[in-house]
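Student: The sequence and its predicted three-dimensional model are supplied below.
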Amino acid sequence: MTAVLIACAHGTRFEEGRVVVRELLEVLRSTAPAGVEVLEAYVDVHGPYVSDVVAVARERTDDIVIVPLLLSTGYHTEVDLVEAAGGLPVAPALGPHPVLAEILADRVRAAGAAPDDTVVLAAAGSTRPGAVVDVERMAELMADAGVTGPVVTAYAAASDPRIPDAVATARADGRRTVAASYVLAPGHFSRVIEKADADLTTAPIGADPRLATVVWERWAAARRPQASVAEVVPAPSTGSGTSVAEVAELVEAPGRASVPDPSTGSGTSVAEVAELVEASGHPSASVEVAELVEAPGRALVADPSTGSGTSVAEVAELVEAPGRALVADPSTGSGTSVAEVAGSSSRGLLAGLRDLFSRARRRA
């Protein structure tokens, strides 16, 4: 059976933008795993529209994943693509991702930026709070990728600050500015960025071959079977486990708390849970929280006062999982599986996490 990756871009009325998307599609086809077909689709402006592409693909196979060729969370990823998918898996947006940060850092250097120039990470913007979270995370990743000057975020529409305002603020501080175009291809938003009057403006990300790494990573993660947590983290004693649906029910409460207390309706924030399961002195590894709690492309827990939140990817970076265990015991190298931690209630999960983290701290 042929597997299908539907690569879905936004769509643009600018022909130069369409050319770039087609070039990226060719990169994806040249790097596709054996037996995987890459189909072209768009969510807006022009066809082939993603809903039509899905309908045709369903006639041949059920092994279909939609990967947005979009850089951040937004209405298209959270609503339009989910509706078009009709139950098929939809991968998160391409960003934030360290590979994108590397490409942006290369573009900034190629534009002639000095080490102390202010870099304005210029994104399209969205009314969805998760988009701002994603772009802010990209700014952090650009610093990790070697951009030494200040990196500030700004938007062409929908969100603040707007790009010309961010450029003017940096210039008022006496700094030269570089607008890093955080858009995929030439089009309306790239023109808005160019008109922001920065001292230097980078080219859009374009059909950089490194993007294929991100796309295929997103495809593989979305396509991976989600039958049970035991498939990801088997319980060492019994081999049985708790299903993803059960774990998600225990820890997912978008827009409020990650672990609700049934008796009060309140809960513990992602930051607190992350602290409980953070493995002291160990890097994160193969098991991602994103596989266990279904919240792709969204902030896992939004702060009602600000509308911002912590993404699943950010929580996953905090969670230690060496040896396919959720919480490792530093004294033995072994760990406790998700199945053991999950328990039968959210209160039990939280208590279990607190106990595990306390033990890890004492033994560290």
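Tutor: Received the coordinates, thanks.

Student: Mind listing what's buried along the host helix or strand of Glu26?
Tutor: Under DSSP states H and E, the secondary-structure element containing Glu26 is helix 15-31. For helix 15-31, the neighbour count (16 or more other Cβ atoms under 10 Å) marks Gly17, Arg18, Val20, Val21, Leu24, Leu25, Val27, Leu28, Arg29 as buried. For every residue, glycine as well, the C-beta is placed using N, CA and C.

Student: nearest to Ala168, of these?
Tutor: Gly17 (27.5 Å; Cβ to Cβ).

Student: Verify the stated contact: that closest one with Val183.
Tutor: No: assessed by Cβ atoms under 8 Å, Gly17 is found out of contact with Val183, at 9.1 Å.

Student: Find residues that contact each of those two.
Tutor: Counting by Cβ atoms under 8 Å, 6 or more residues apart in numbering, the shared contacts of Gly17 and Val183 are Ser190.

Student: Low-confidence regions, the stretch 1-150 of the chain specifically.
Tutor: For the stretch 1-150 of the chain, applying pLDDT under 70 flags the ranges 1.

Student: And the buried residues of helix 15-31, which is closest to Arg223?
Tutor: Using Cβ to Cβ, these come closest to Arg223 at Leu28, 14.6 Å.

Student: Identify the residue spatially nearest to that closest one, adjacent ones excluded.
Tutor: The shortest distance from Leu28 to any non-neighbouring residue, by Cβ to Cβ, 6 or more residues apart in numbering, is to Val38 (4.8 Å).

Student: Just list the residues touching the one you found, thanks.
Tutor: Val4, Leu5, Ala7, Leu25, Leu28, Arg29, Ala32.

Student: Give me the distance between it and Val99.
Tutor: Val38 sits at a distance of 18 Å from Val99 (criterion: Cβ to Cβ, to the nearest Å).

Student: And for Asp134?
Tutor: Asp134 is 14 Å from Val99, by Cβ to Cβ.

Student: before we move on, what about Thr73?
Tutor: For Thr73, the distance to Val99 equals 17 Å [Cβ to Cβ].

Student: These two: which has the busier surroundings?
Tutor: More crowded of Thr73 and Val99, by other Cβ atoms under 10 Å: Thr73, with 27 against 18.

Student: Am I right that the more buried one is in contact with Gly130?
Tutor: Yes: counting by Cβ under 8 Å, Gly130 is a contact partner of Thr73 at 3.7 Å.

Student: beta partners for Thr118?
Tutor: Beta-bridge partners recorded for Thr118 (DSSP bridges): Thr177.

Student: Now do the contacts for it.
Tutor: Counting by Cβ under 8 Å, 6+ apart, Thr118 touches Gly149, Pro150, Val151, Val152, Ala170, Asp173, Arg175, Arg176, Thr177, Val178.

Student: ok, 10 Å please
Tutor: 149-152, 166-167, 169-171, 173-179, 198-199 (Cβ atoms under 10 Å, 6 or more residues apart in numbering).

Student: Can you flag the buried ones in the residues you listed?
Tutor: Buried among those by 16+ other Cβ under 10 Å: 149-152, 166-167, 169-170, 175, 177-179, 198-199.

Student: circling back to that earlier point, quick one: name whatever helix or strand follows the helix holding Glu26.
Tutor: Following helix 15-31 toward the C-terminus (DSSP H and E): strand 36-42.

Student: and the angle from that following strand to helix 15-31?
Tutor: 170 degrees (axes from the mean of the first three to the mean of the last three Cα atoms, to 10 degrees).

Student: ok so, going back, sort out which of the contacts of Thr118 are in strands and list them.
Tutor: Val151, Val152, Thr177, Val178, Ala179 (DSSP state E).

Student: just those now: which is nearest Arg218?
Tutor: For the ones in strands among the contacts of Thr118, the nearest to Arg218 is Val151 (23.9 Å; Cβ to Cβ).
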